[in-house]
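**Q** Below are the sequence and a predicted model; questions follow.
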Amino acid sequence: MKSIFDEIKDARTIGIAGHVRPDGDCVGSCLALYHYLKGNLPGNFVIDLYLETVPDKFQIIGGTNLIKQANTEGIIYDLFISLDSSSLDRLGFAQEYFDNARRTMNIDHHISNTNFALVNHVEEKASSACEVLFGLIEEEKIDLTIAKALYLGIIHDTGVFKHSNTSQKTMNIAGTLIAKGVPFSQMIDETFYLKSYIQNQILGRCLLESMLIMDGKCIVSSVNRKILDFYNAVPADLDGIIDQLRITQGIEVAILLYETDFHEYKVSMRANGMADVRKIAAYFGGGGHIKAAGCTMHGTLHDVVNNLTVHIEHQLS
Ligand code: AMP
Ligand code: MN
Ligand code: MN
(Lines give C-alpha, C1' and ligand atoms only; values in the text may rest on other atoms or scores of the structure.)
(Ligands and ions follow the chains in the order given, each with its own letter.)
Protein backbone atom coordinates (compact mmCIF):
# COMPACT_ATOMS: atom_id res chain seq x y z
CA MET A 1 0.00 0.00 0.00
CA LYS A 2 1.40 3.39 -1.01
CA SER A 3 -1.43 5.68 0.00
CA ILE A 4 -4.46 5.20 2.17
CA PHE A 5 -6.58 6.53 -0.71
CA ASP A 6 -5.51 3.59 -2.94
CA GLU A 7 -7.47 1.30 -0.69
CA ILE A 8 -10.59 3.39 -0.13
CA LYS A 9 -11.71 2.53 -3.70
CA ASP A 10 -15.52 2.53 -3.80
CA ALA A 11 -16.00 2.53 -0.04
CA ARG A 12 -18.49 5.19 1.08
CA THR A 13 -18.84 4.06 4.69
CA ILE A 14 -15.61 3.69 6.64
CA GLY A 15 -15.13 2.53 10.23
CA ILE A 16 -11.92 3.02 12.21
CA ALA A 17 -10.87 1.44 15.53
CA GLY A 18 -7.82 0.83 17.68
CA HIS A 19 -7.01 -1.48 20.56
CA VAL A 20 -8.63 -1.88 23.97
CA ARG A 21 -7.41 0.42 26.77
CA PRO A 22 -6.28 2.95 24.14
CA ASP A 23 -2.82 4.46 24.63
CA GLY A 24 -1.33 7.57 22.99
CA ASP A 25 -0.38 5.81 19.76
CA CYS A 26 -3.76 4.18 19.45
CA VAL A 27 -5.70 7.40 20.08
CA GLY A 28 -3.28 9.47 17.97
CA SER A 29 -3.28 7.18 14.94
CA CYS A 30 -7.06 6.71 15.00
CA LEU A 31 -7.81 10.42 15.33
CA ALA A 32 -5.17 11.36 12.75
CA LEU A 33 -6.73 9.00 10.20
CA TYR A 34 -10.25 10.11 11.13
CA HIS A 35 -9.43 13.82 10.64
CA TYR A 36 -7.47 13.09 7.46
CA LEU A 37 -10.35 11.19 5.85
CA LYS A 38 -12.97 13.68 7.08
CA GLY A 39 -10.94 16.56 5.68
CA ASN A 40 -10.20 15.00 2.31
CA LEU A 41 -13.25 12.95 1.37
CA PRO A 42 -16.56 14.49 0.27
CA GLY A 43 -19.21 15.20 2.92
CA ASN A 44 -21.46 12.29 1.92
CA PHE A 45 -18.89 9.76 3.14
CA VAL A 46 -19.65 8.18 6.50
CA ILE A 47 -16.55 7.96 8.70
CA ASP A 48 -16.91 6.59 12.23
CA LEU A 49 -14.25 6.10 14.87
CA TYR A 50 -14.64 3.60 17.72
CA LEU A 51 -12.50 3.46 20.85
CA GLU A 52 -12.92 2.56 24.49
CA THR A 53 -12.88 5.51 26.92
CA VAL A 54 -9.92 7.75 26.14
CA PRO A 55 -7.87 9.28 29.00
CA ASP A 56 -8.78 12.97 29.50
CA LYS A 57 -5.19 14.11 28.93
CA PHE A 58 -5.49 13.15 25.25
CA GLN A 59 -8.19 15.78 24.69
CA ILE A 60 -5.31 18.14 23.86
CA ILE A 61 -5.27 16.80 20.28
CA GLY A 62 -8.91 17.68 19.60
CA GLY A 63 -11.75 15.54 18.37
CA THR A 64 -11.86 12.97 21.18
CA ASN A 65 -15.54 13.94 21.62
CA LEU A 66 -16.25 12.50 18.15
CA ILE A 67 -15.26 8.99 19.21
CA LYS A 68 -18.14 6.49 19.33
CA GLN A 69 -18.63 3.64 21.70
CA ALA A 70 -21.33 1.78 19.78
CA ASN A 71 -22.56 1.40 16.23
CA THR A 72 -26.03 2.78 16.96
CA GLU A 73 -27.02 3.05 13.28
CA GLY A 74 -26.30 -0.63 12.68
CA ILE A 75 -24.16 0.20 9.60
CA ILE A 76 -22.21 -2.53 7.85
CA TYR A 77 -19.08 -0.66 6.75
CA ASP A 78 -17.72 -0.86 3.21
CA LEU A 79 -14.26 -0.63 4.74
CA PHE A 80 -13.09 -1.05 8.31
CA ILE A 81 -9.57 0.03 9.31
CA SER A 82 -7.76 -1.26 12.39
CA LEU A 83 -4.85 0.78 13.78
CA ASP A 84 -2.15 -0.14 16.34
CA SER A 85 -3.76 -3.55 17.02
CA SER A 86 -1.69 -6.70 16.76
CA SER A 87 -4.65 -9.07 16.58
CA LEU A 88 -8.38 -8.99 15.97
CA ASP A 89 -9.40 -9.58 19.61
CA ARG A 90 -7.44 -6.45 20.59
CA LEU A 91 -10.19 -4.41 18.93
CA GLY A 92 -12.52 -5.25 21.83
CA PHE A 93 -16.13 -4.19 21.22
CA ALA A 94 -15.25 -2.91 17.73
CA GLN A 95 -14.21 -6.37 16.54
CA GLU A 96 -17.86 -7.04 15.65
CA TYR A 97 -17.95 -4.06 13.21
CA PHE A 98 -14.65 -5.18 11.71
CA ASP A 99 -15.98 -8.75 11.27
CA ASN A 100 -19.13 -7.48 9.56
CA ALA A 101 -17.35 -5.08 7.18
CA ARG A 102 -17.17 -5.71 3.42
CA ARG A 103 -13.42 -5.02 3.27
CA THR A 104 -10.86 -4.68 6.04
CA MET A 105 -7.47 -3.06 6.52
CA ASN A 106 -4.85 -3.47 9.25
CA ILE A 107 -2.27 -0.71 9.77
CA ASP A 108 0.22 -1.50 12.50
CA HIS A 109 3.82 -1.78 13.74
CA HIS A 110 3.71 -4.79 16.12
CA ILE A 111 6.14 -7.60 15.33
CA SER A 112 3.44 -9.93 16.71
CA ASN A 113 0.79 -8.75 14.21
CA THR A 114 -1.32 -11.67 12.94
CA ASN A 115 -2.21 -10.08 9.54
CA PHE A 116 -5.90 -10.51 10.29
CA ALA A 117 -7.31 -8.20 7.60
CA LEU A 118 -7.81 -8.40 3.86
CA VAL A 119 -5.17 -5.68 3.37
CA ASN A 120 -2.34 -5.75 5.92
CA HIS A 121 0.18 -2.96 6.17
CA VAL A 122 2.53 -3.77 9.05
CA GLU A 123 5.92 -2.09 9.46
CA GLU A 124 7.70 -3.83 12.31
CA LYS A 125 10.57 -1.36 12.37
CA ALA A 126 8.32 1.68 12.74
CA SER A 127 8.24 3.34 16.16
CA SER A 128 4.47 3.64 16.18
CA ALA A 129 1.27 3.23 14.21
CA CYS A 130 1.45 7.02 13.79
CA GLU A 131 4.81 6.68 12.01
CA VAL A 132 3.32 4.03 9.70
CA LEU A 133 0.28 6.20 9.01
CA PHE A 134 2.48 9.23 8.25
CA GLY A 135 3.95 7.21 5.36
CA LEU A 136 0.49 6.51 3.92
CA ILE A 137 -0.85 10.06 3.87
CA GLU A 138 0.13 13.17 1.95
CA GLU A 139 2.37 15.55 3.90
CA GLU A 140 0.74 18.69 2.45
CA LYS A 141 -2.66 17.50 3.70
CA ILE A 142 -1.49 17.25 7.31
CA ASP A 143 -3.06 20.14 9.22
CA LEU A 144 -2.27 21.09 12.82
CA THR A 145 -4.93 18.75 14.28
CA ILE A 146 -3.57 15.76 12.34
CA ALA A 147 0.01 16.77 13.18
CA LYS A 148 -0.81 16.86 16.92
CA ALA A 149 -2.45 13.45 16.77
CA LEU A 150 0.53 11.89 14.96
CA TYR A 151 3.00 13.57 17.32
CA LEU A 152 1.09 12.20 20.32
CA GLY A 153 1.46 8.63 19.08
CA ILE A 154 5.16 9.02 18.33
CA ILE A 155 6.08 10.50 21.72
CA HIS A 156 4.07 7.90 23.62
CA ASP A 157 5.40 4.82 21.83
CA THR A 158 9.00 6.03 21.88
CA GLY A 159 8.87 7.21 25.52
CA VAL A 160 9.60 10.70 24.16
CA PHE A 161 12.26 9.55 21.66
CA LYS A 162 14.25 7.36 24.05
CA HIS A 163 13.23 3.77 23.26
CA SER A 164 15.24 1.72 20.75
CA ASN A 165 12.38 1.96 18.24
CA THR A 166 13.32 5.63 17.65
CA SER A 167 15.04 6.03 14.29
CA GLN A 168 16.30 8.85 12.11
CA LYS A 169 13.02 8.52 10.22
CA THR A 170 11.06 8.92 13.46
CA MET A 171 12.95 12.11 14.27
CA ASN A 172 12.50 13.46 10.74
CA ILE A 173 8.75 12.88 10.93
CA ALA A 174 8.64 14.53 14.36
CA GLY A 175 10.55 17.49 12.88
CA THR A 176 8.03 17.79 10.06
CA LEU A 177 5.19 17.75 12.60
CA ILE A 178 6.88 20.41 14.74
CA ALA A 179 7.21 22.56 11.61
CA LYS A 180 3.42 22.30 11.30
CA GLY A 181 3.13 24.03 14.67
CA VAL A 182 2.68 21.18 17.14
CA PRO A 183 2.99 22.61 20.69
CA PHE A 184 5.53 19.93 21.54
CA SER A 185 6.67 21.10 25.00
CA GLN A 186 3.09 21.34 26.20
CA MET A 187 2.13 18.00 24.65
CA ILE A 188 5.11 16.18 26.17
CA ASP A 189 4.51 17.67 29.61
CA GLU A 190 0.74 17.39 29.69
CA THR A 191 0.25 13.98 28.06
CA PHE A 192 3.40 12.14 29.07
CA TYR A 193 4.97 13.47 32.28
CA LEU A 194 2.09 15.15 34.09
CA LYS A 195 0.70 12.97 36.89
CA SER A 196 -2.30 13.56 39.10
CA TYR A 197 -1.74 13.39 42.84
CA ILE A 198 -3.43 9.99 42.90
CA GLN A 199 -1.32 8.68 40.02
CA ASN A 200 1.79 9.72 41.92
CA GLN A 201 0.53 8.01 45.06
CA ILE A 202 -0.06 4.74 43.20
CA LEU A 203 3.36 5.07 41.55
CA GLY A 204 4.92 5.59 44.97
CA ARG A 205 3.17 2.54 46.35
CA CYS A 206 4.25 0.40 43.42
CA LEU A 207 7.88 1.43 43.83
CA LEU A 208 7.75 0.93 47.61
CA GLU A 209 6.22 -2.54 47.29
CA SER A 210 8.32 -3.65 44.32
CA MET A 211 10.50 -6.74 44.70
CA LEU A 212 13.84 -7.55 43.18
CA ILE A 213 14.06 -11.18 42.13
CA MET A 214 16.44 -13.35 40.10
CA ASP A 215 19.55 -11.85 41.70
CA GLY A 216 18.35 -8.33 40.99
CA LYS A 217 17.86 -8.94 37.26
CA CYS A 218 14.11 -8.67 37.46
CA ILE A 219 11.81 -6.26 39.27
CA VAL A 220 8.15 -7.00 39.93
CA SER A 221 5.36 -4.88 41.29
CA SER A 222 1.62 -5.31 41.38
CA VAL A 223 -1.58 -3.38 41.94
CA ASN A 224 -4.60 -5.22 43.26
CA ARG A 225 -8.22 -4.26 42.80
CA LYS A 226 -8.51 -2.99 46.37
CA ILE A 227 -5.87 -0.37 45.63
CA LEU A 228 -7.48 0.66 42.35
CA ASP A 229 -10.86 0.92 44.12
CA PHE A 230 -9.37 2.78 47.08
CA TYR A 231 -7.93 5.47 44.81
CA ASN A 232 -10.89 5.27 42.43
CA ALA A 233 -8.27 4.71 39.74
CA VAL A 234 -8.51 3.35 36.21
CA PRO A 235 -5.82 1.30 34.42
CA ALA A 236 -4.62 4.39 32.54
CA ASP A 237 -3.62 5.82 35.93
CA LEU A 238 -0.83 3.21 35.94
CA ASP A 239 0.81 4.59 32.79
CA GLY A 240 4.50 5.23 33.33
CA ILE A 241 4.92 2.99 36.37
CA ILE A 242 6.48 0.22 34.31
CA ASP A 243 8.93 2.73 32.81
CA GLN A 244 10.06 3.81 36.27
CA LEU A 245 10.55 0.14 37.26
CA ARG A 246 12.54 -0.49 34.08
CA ILE A 247 15.15 2.15 34.84
CA THR A 248 16.11 0.50 38.11
CA GLN A 249 19.87 -0.18 38.01
CA GLY A 250 20.82 -3.72 36.99
CA ILE A 251 17.38 -4.71 35.74
CA GLU A 252 16.98 -6.89 32.65
CA VAL A 253 13.20 -7.26 32.86
CA ALA A 254 10.56 -5.20 34.66
CA ILE A 255 7.10 -6.58 35.31
CA LEU A 256 3.98 -4.73 36.41
CA LEU A 257 0.84 -6.69 37.16
CA TYR A 258 -2.58 -5.31 37.82
CA GLU A 259 -5.55 -7.30 38.87
CA THR A 260 -8.35 -7.04 36.31
CA ASP A 261 -10.56 -9.68 37.96
CA PHE A 262 -10.31 -12.34 40.62
CA HIS A 263 -7.14 -14.31 39.81
CA GLU A 264 -6.76 -12.43 36.53
CA TYR A 265 -3.83 -10.09 35.88
CA LYS A 266 -2.89 -7.74 33.08
CA VAL A 267 0.86 -8.17 32.68
CA SER A 268 3.14 -5.43 31.36
CA MET A 269 6.78 -6.27 30.65
CA ARG A 270 9.75 -4.17 29.61
CA ALA A 271 13.23 -5.45 28.71
CA ASN A 272 16.55 -3.65 28.85
CA GLY A 273 19.19 -5.98 27.48
CA MET A 274 19.02 -9.45 26.02
CA ALA A 275 15.52 -10.52 26.97
CA ASP A 276 12.72 -10.72 24.40
CA VAL A 277 9.54 -10.06 26.37
CA ARG A 278 7.36 -10.33 23.27
CA LYS A 279 8.16 -14.06 23.15
CA ILE A 280 7.09 -14.49 26.75
CA ALA A 281 3.91 -12.46 26.27
CA ALA A 282 3.11 -14.42 23.10
CA TYR A 283 3.53 -17.71 24.99
CA PHE A 284 0.80 -16.54 27.36
CA GLY A 285 -1.51 -15.37 24.57
CA GLY A 286 -0.43 -11.71 24.41
CA GLY A 287 1.98 -9.82 22.21
CA GLY A 288 3.81 -6.58 21.63
CA HIS A 289 7.42 -5.77 20.83
CA ILE A 290 10.78 -7.27 21.83
CA LYS A 291 11.34 -4.67 24.55
CA ALA A 292 7.72 -3.91 25.51
CA ALA A 293 4.99 -6.50 25.63
CA GLY A 294 1.91 -7.52 27.54
CA CYS A 295 -0.58 -10.29 28.14
CA THR A 296 -3.37 -11.37 30.48
CA MET A 297 -2.69 -14.25 32.88
CA HIS A 298 -4.75 -16.24 35.34
CA GLY A 299 -3.97 -17.56 38.80
CA THR A 300 -2.68 -16.14 42.05
CA LEU A 301 -0.06 -13.41 42.02
CA HIS A 302 2.54 -16.04 42.93
CA ASP A 303 1.48 -18.35 40.11
CA VAL A 304 1.70 -15.54 37.59
CA VAL A 305 5.13 -14.34 38.75
CA ASN A 306 6.47 -17.92 38.90
CA ASN A 307 5.21 -18.72 35.41
CA LEU A 308 6.78 -15.58 34.00
CA THR A 309 10.15 -15.95 35.72
CA VAL A 310 10.64 -19.49 34.38
CA HIS A 311 10.67 -17.98 30.91
CA ILE A 312 12.82 -15.01 31.85
CA GLU A 313 15.39 -17.21 33.57
CA HIS A 314 15.50 -19.49 30.54
CA GLN A 315 16.15 -16.52 28.25
CA LEU A 316 18.84 -14.99 30.44
CA SER A 317 20.73 -18.24 31.11
P1 AMP B 1 1.65 -2.38 27.76
O2 AMP B 1 2.53 -3.09 28.69
O3 AMP B 1 0.20 -2.66 27.99
O4 AMP B 1 1.98 -0.93 27.65
O5 AMP B 1 1.91 -2.99 26.34
C6 AMP B 1 3.19 -3.05 25.76
C7 AMP B 1 3.06 -3.49 24.34
O8 AMP B 1 2.52 -4.80 24.28
C9 AMP B 1 2.13 -2.63 23.50
O10 AMP B 1 2.68 -2.52 22.23
C11 AMP B 1 0.85 -3.39 23.47
O12 AMP B 1 0.15 -3.15 22.28
C13 AMP B 1 1.30 -4.83 23.57
N14 AMP B 1 0.34 -5.62 24.34
C15 AMP B 1 0.00 -5.41 25.63
N16 AMP B 1 -0.91 -6.32 26.05
C17 AMP B 1 -1.15 -7.11 25.00
C18 AMP B 1 -2.02 -8.24 24.78
N19 AMP B 1 -2.82 -8.74 25.73
N20 AMP B 1 -2.00 -8.81 23.55
C21 AMP B 1 -1.21 -8.32 22.57
N22 AMP B 1 -0.37 -7.27 22.72
C23 AMP B 1 -0.35 -6.67 23.90
MN1 MN C 1 -0.77 0.93 21.49
MN1 MN D 1 1.76 1.50 18.98
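**A** That came through, no problem. Residues are numbered from 1 along each chain as shown. Ligands and ions are numbered 1, 2, ... in the order given.

**Q** so who does the spatially closest residue to Glu124 that is not a sequence neighbour touch?
**A** In this structure, Glu124 finds its nearest non-sequential neighbour in Ile111, 4.7 Å apart by C-beta to C-beta, 6 or more residues apart in numbering. Backbone N, C-alpha and C define where each C-beta goes, glycine included. By C-beta atoms under 8 Å, 6 or more residues apart in numbering, Ile111 lies in contact with 124, 278, 288-290.

**Q** Residue of the stretch 51-200 of the chain nearest ligand 2, please.
**A** Of all residues in the stretch 51-200 of the chain, Asp84 sits closest to ligand 2, at 4.5 Å by C-beta to the ion.

**Q** you'd agree that residue is up against His109?
**A** Yes - taking contacts as C-beta atoms under 8 Å, Asp84 lies within contact range of His109: 7.5 Å.

**Q** Please enumerate the shared neighbours of those two.
**A** Common contacts of Asp84 and His109 (C-beta under 8 Å, 6+ apart): 128-129.

**Q** Can you name the residues of the stretch 101-250 of the chain that neighbour ligand 3?
**A** Proximity of the stretch 101-250 of the chain to ligand 3, by C-beta under 5 Å from the ion, involves residues 128-129, 157.

**Q** Distance to ligand 2 and pLDDT added to those, as TSV?
**A** Shown next, in TSV, are these (distance: C-beta to the ion, whole Å; pLDDT from 0 to 100):
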residue	distance to ligand 2	pLDDT
Ser128	8	98
Ala129	7	98
Asp157	7	97
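
**Q** Asn71 and Lys141, how far apart?
**A** 28 Å (C-beta to C-beta, to the nearest Å).

**Q** Would you mind telling me which of these two has more residues around it?
**A** The neighbour count for Asn71 versus Lys141, taken as other C-beta atoms under 10 Å, is higher for Asn71 (17 against 10).

**Q** residue ranges of the strands in the stretch 1-150 of the chain, please?
**A** With strands called from DSSP state E, counting those that start in this stretch, the stretch 1-150 of the chain shows them at 13-17, 46-50, 79-83, 103-108, 119-122.

**Q** most tightly surrounded among those?
**A** Neighbour counts (mean count of other C-beta atoms under 10 Å) averaged over each of the strands of the stretch 1-150 of the chain peak at strand 79-83, with a mean of 29.

**Q** and the helix or strand hosting Leu152 with ligand 1, contact?
**A** Taking DSSP states H and E as the definition, Leu152 sits inside helix 144-157. No - interface with ligand 1: helix 144-157 contributes nothing (C-beta under 6 Å from any ligand atom), its closest point being 7.4 Å away.

**Q** That helix packs against which elements?
**A** Helices and strands touching helix 144-157, by 3 or more C-beta pairs under 8 Å, 6 or more residues apart in numbering; DSSP states H and E, are helix 24-40, helix 129-134, helix 168-179, helix 184-188.

**Q** quick one: contacts of the second one?
**A** Contact partners of helix 129-134, identified using C-beta under 8 Å, 6+ apart, comprise 4, 18, 25-26, 28-29, 32-33, 83-84, 107-109, 121-123, 126, 142, 149-154, 157, 169-170, 173.

**Q** Ok, the last one next?
**A** Residues from elsewhere that reach helix 184-188, judged by C-beta under 8 Å, 6+ apart: 60, 148, 151-152, 155, 160, 178.

**Q** Quick check, Val220 in contact with His302.
**A** No - assessed by C-beta under 8 Å, Val220 is found out of contact with His302, at 10.7 Å.
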